[in-house]
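Student: any chance you can model this:
(one chain, ligands or ions: 1)
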Amino acid sequence: MIQSVLANIPTPCPWRDTVYWYDTIDSTNTRAKELAKAGAPHGTVIIAGNQTEGRGRLGRSFSSPDGMGVYLSVILRPGCTPDKLMHLTCAAGVAAMAAVEAISGVCPDIKWANDLVLGSKKLGGILTELGFAGNRVDYAIVGIGINCCQRAEDFPEELQDIATSLLMHTGKKISPAILAAALTEQLFHMDWTLFSEKEQLMETYRRHCITLGKEIVVIQNDQKYAATAFDIDKDGGLMVRFADGFEKVINFGEVSVRGLCGYL
Ligand code: BTN
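Tutor: Next up, the predicted model:
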């Protein structure tokens, strides 16, 4: 599979020289963190055939069966303070959307903040983690999981109503290796444009964010608040309006968002 990944990353993309492949691993994000702490350079890419402890946001797990999805993390060393990276998850979402569209012909939407969505179901997700050196970012890990070849029964029972794969949505069997290569290329492009084209990136994110205009439930510390999501700010924060007219920007942190009737 690594040969197939490398063969499909265009030669001008220098990240193809720093791809680590694992048949099986606990989590590509965990491995990326270890490699980053050991000094791995900007643009190191970690890809796995399967993950035994794939992780999602808010301590959730990410189902990662063997050969059925893309499980990929990249190490970035942007050398800035964390406030400049607030939009990183959004930018990675735009990169993932573009990779999926390029390979499968269908363009997913995004459920704020970090879920890729097709046909009202979750196609994948993004987990961004930062390591610090003083008040600066030493490394940022962008981890992306995309479901390619699962059938409904391949997902754990509790996910079967809310998860989908490219196979389930398009009927086409998409190779995780080819999608991983496209994703590497798109993340490389994202890295070039992360700061210089931030406004355009955020505009693309807004256009594809299905949370906008929806009645949602904001869940924080076991408390639930009904609100309307009306915009995304320049850093990726979700702007919501509560029933009493009070407006607030919600950042990724510890907040989860649900539609009034379930996942969306
Ligand atoms: C989420 O759904 O909240 C985010 C899921 C992110 C999953 C990817 S798979 C590659 C990388 N390694 C992990 O352990 N998680 C991310």
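Student: near the ligand, which residues of the chain are found?
Tutor: Within the chain, the positions near the ligand by Cβ under 6 Å from any ligand atom are 27-29, 51, 54-57, 60, 62, 71-73, 114, 125-127, 143-145. In this view, the C-beta of every residue, glycine as well, is placed from N, C-alpha and C.
Student: show me those residues that map onto helices.
Tutor: If you go by DSSP state H, those have Thr28, Asn29 in helices.
Student: which among the residues of the chain next to the ligand count as buried?
Tutor: By neighbour count, with 16 or more other Cβ atoms under 10 Å, the residues of the chain next to the ligand hold 27-29, 51, 54-57, 62, 71-73, 114, 125-127, 143-145 as buried.
Student: confirm for me that Val74 is in contact with Gln186.
Tutor: No. Assessed by Cβ atoms under 8 Å, Val74 is found out of contact with Gln186, at 10.7 Å.
Student: of these two, who's got more company?
Tutor: Between Val74 and Gln186, counting by other Cβ atoms under 10 Å, Val74 is the more crowded of the two (28 against 22).
Student: related to what we said a few turns ago, just the ones in strands from the buried ones among the residues of the chain next to the ligand, please.
Tutor: Gln51, Tyr71, Leu72, Ser73, Gly125, Ile126, Leu127, Gly143, Ile144, Gly145 (DSSP state E).
Student: out of everything not next to it in sequence, what's closest to the third one?
Tutor: Beyond its immediate neighbours in the sequence, the residue positioned closest to Leu72 (Cβ to Cβ, 6 or more residues apart in numbering) is Ile47, lying 4.8 Å away.
Student: that neighbour: neighbour count?
Tutor: Around Ile47 there are 24 residues (other Cβ under 10 Å).
Student: roughly how far is the helix or strand hosting it from the heart of the chain?
Tutor: Element membership for Ile47, per DSSP states H and E: strand 44-51. Chain-centre distance of strand 44-51: 14 Å, with Cα atoms, centre = their mean, to the nearest Å.
Student: and the residue nearest to the spatial centre of the chain, what is it in contact with?
Tutor: In the chain, the centroid-proximal residue (Cα atoms, centre = their mean) is Ile126; its distance is 2.1 Å. If a contact means Cβ atoms under 8 Å, 6 or more residues apart in numbering, then Ile126 has Thr89, Ala92, Gly93, Ala96, Asn114, Asp115, Leu116, Val142, Gly143, Ile144 as its contacts.
Student: check contacts around Met42.
Tutor: Residue 42: His, not Met. His42 sits in contact with Ile75, Leu76, Arg77, Pro78, where contact means Cβ under 8 Å, 6+ apart.
Student: ok so, going back, who does the strand holding Ile47 touch, helix- and strand-wise?
Tutor: strand 19-25, helix 28-37, strand 69-76, helix 176-193 (3 or more Cβ pairs under 8 Å, 6 or more residues apart in numbering; DSSP states H and E).
Student: tell me which residues of that strand are tucked away?
Tutor: For strand 44-51, by 16+ other Cβ under 10 Å, it's Thr44, Val45, Ile46, Ile47, Ala48, Gly49, Asn50, Gln51.
Student: ditto for stretch 232-245
Tutor: Under the neighbour-count criterion of 16+ other Cβ under 10 Å, stretch 232-245 has Ile232, Asp235, Gly236, Gly237, Leu238, Met239, Val240 buried.
Student: what does the helix or strand bottoming out on mean pLDDT in the chain rub up against?
Tutor: None of the helices or strands of the chain scores lower by mean pLDDT, DSSP states H and E than strand 256-259, at a mean of 74. Defining contact as Cβ under 8 Å, 6+ apart, one finds that strand 256-259 is touched by 58, 111-113, 211, 214-220, 229, 238, 250.
Student: try it again at 6 Å.
Tutor: Trp112, Ile216, Val217, Ile219 (Cβ atoms under 6 Å, 6 or more residues apart in numbering).
Student: now do stretch 85-95
Tutor: Counting by Cβ under 6 Å, 6+ apart, 110, 113-114, 126, 128, 142, 186-187, 190, 194, 201, 204-205, 235-236 sit against stretch 85-95.
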